[in-house]
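Engineer: 3D, please:
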Amino acid sequence: MGFPDHHPFRSSGAKERYLALNAKRAKDWPVPSETKTVDTEYGQTFVRISGPENADPLVLLHGLGVSSLSWTPNIEELSKNYRTYAVDTIDDWGLSVYKKRLKSSDDYTEWLDELFNGLGLENNINLAGISFGGMLACQYALRFPARLDKVIMIAPITIVHFSPLFLVRMPMALGGRYLFRIILNWVFKDSLQQENTKKFATELFLEDLPMAFRCFKVMYKPILLKIATDAELQRIKVPTLVLFGENEKLFSPNKAIKRLKKVAPDIETKLIQNAGHGVSLAQSEKVNEDIIQFISSPQLTPKV
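Structural biologist: Alright, predicted model coming up:
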């Protein structure tokens, strides 16, 4: 399948506008970094690398509709003692360019595995993912557990189904910019209203995300929601931490925690106050603290 030169953007002009915005936002990355583009079967994957060269690796997967730059509020603390790899998901907004459609969870895990090989990572990888990225982390842990040291899922859309209220309101996002903005304000209310996060959250969710929708082709996400079965959750033997915001709008965090405690009690869960789906932004200090503490703690659950 051939693609035009401006792929995956709608036009050359759209590509130029988005790349300029991305470069502007990248200037706010608070720590020194290097960038790398890794070739895989599915296309070129862009990665922003920070932290000490010989430190343990921590791979960061962003949520749907943003890019690796969404980790900006977290990256300074996480990069103090870890070599961080902030990835632009292959078929999402950002600087990665897919050349082959990803049609299943196996495609995504194979892409990640190729990416890790291309980055020279071995079998001691710490993997953290937000929302859709959390679902990808879960699927990778099921398929390639031997390569992982610890897994952190943040507001993952893989434990319980979307709430009825979210499913009712979500179609509003297709009703034009005004309604789309209303949905974003509802989902990310905590981040957008807190004084210390308001500026970044406004840029990320109310400015950059709508612009990305205008610049990129429509995303193709056949596994947008893949709820892990009881058997799959019980198969996860890599030490795993799952973080939820108490004000989560996409699903019930309490139901998610209840399910995990029942079917996979070895998976550690935490409910974070004063945060919703944008928990890694609204409570970045707390999330950073939980991630670092979890990774650095002794491994209690043996990997198989």
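Engineer: For this structure, which segments count as helices?
Structural biologist: 12-26, 72-78, 105-118, 132-143, 164-169, 177-187, 189-193, 198-201, 209-215, 230-235, 253-263, 279-282, 284-296 (DSSP state H).
Engineer: Packing partners of the fourth one?
Structural biologist: To tie it back to what came earlier, the one meant is helix 132-143. When contacts are defined as 3 or more C-beta pairs under 8 Å, 6 or more residues apart in numbering; DSSP states H and E, helix 132-143 packs onto strand 56-61, helix 105-118, strand 125-130, strand 148-154, helix 230-235. In this view, the C-beta of every residue, glycine as well, is placed from N, C-alpha and C.
Engineer: For the helices of the chain, could you give me a markdown table that also reports mean neighbour count, distance to residue 98 and mean pLDDT?
Structural biologist: Below are these laid out as a markdown table (neighbours: other C-beta atoms under 10 Å; distance: least, C-beta to C-beta, whole Å; pLDDT from 0 to 100):
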| stretch | mean neighbour count | distance to residue 98 | mean pLDDT |
| --- | --- | --- | --- |
| helix 12-26 | 15 | 14 | 97 |
| helix 72-78 | 21 | 24 | 98 |
| helix 105-118 | 19 | 9 | 96 |
| helix 132-143 | 25 | 14 | 97 |
| helix 164-169 | 12 | 27 | 92 |
| helix 177-187 | 15 | 24 | 89 |
| helix 189-193 | 21 | 28 | 95 |
| helix 198-201 | 16 | 27 | 96 |
| helix 209-215 | 17 | 15 | 92 |
| helix 230-235 | 14 | 26 | 98 |
| helix 253-263 | 17 | 30 | 98 |
| helix 279-282 | 28 | 25 | 97 |
| helix 284-296 | 18 | 28 | 98 |
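Engineer: Now render those helices as JSON lines, adding distance to residue 87.
Structural biologist: Formatted as JSON lines, the helices of the chain follow (distance: least, C-beta to C-beta, whole Å):
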{"stretch": "helix 12-26", "distance to residue 87": "14"}
{"stretch": "helix 72-78", "distance to residue 87": "13"}
{"stretch": "helix 105-118", "distance to residue 87": "7"}
{"stretch": "helix 132-143", "distance to residue 87": "8"}
{"stretch": "helix 164-169", "distance to residue 87": "26"}
{"stretch": "helix 177-187", "distance to residue 87": "23"}
{"stretch": "helix 189-193", "distance to residue 87": "21"}
{"stretch": "helix 198-201", "distance to residue 87": "20"}
{"stretch": "helix 209-215", "distance to residue 87": "16"}
{"stretch": "helix 230-235", "distance to residue 87": "23"}
{"stretch": "helix 253-263", "distance to residue 87": "24"}
{"stretch": "helix 279-282", "distance to residue 87": "15"}
{"stretch": "helix 284-296", "distance to residue 87": "16"}
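Engineer: leaving aside the residues next to it on the chain, what's closest to the residue sitting nearest the centre point of the chain?
Structural biologist: Nearest to the geometric centre of the chain sits residue 62, at 2.3 Å (C-alpha atoms, centre = their mean). Leaving out its chain neighbours, the residue that sits closest to residue 62 by C-beta to C-beta, 6 or more residues apart in numbering is residue 70, at 4.8 Å.
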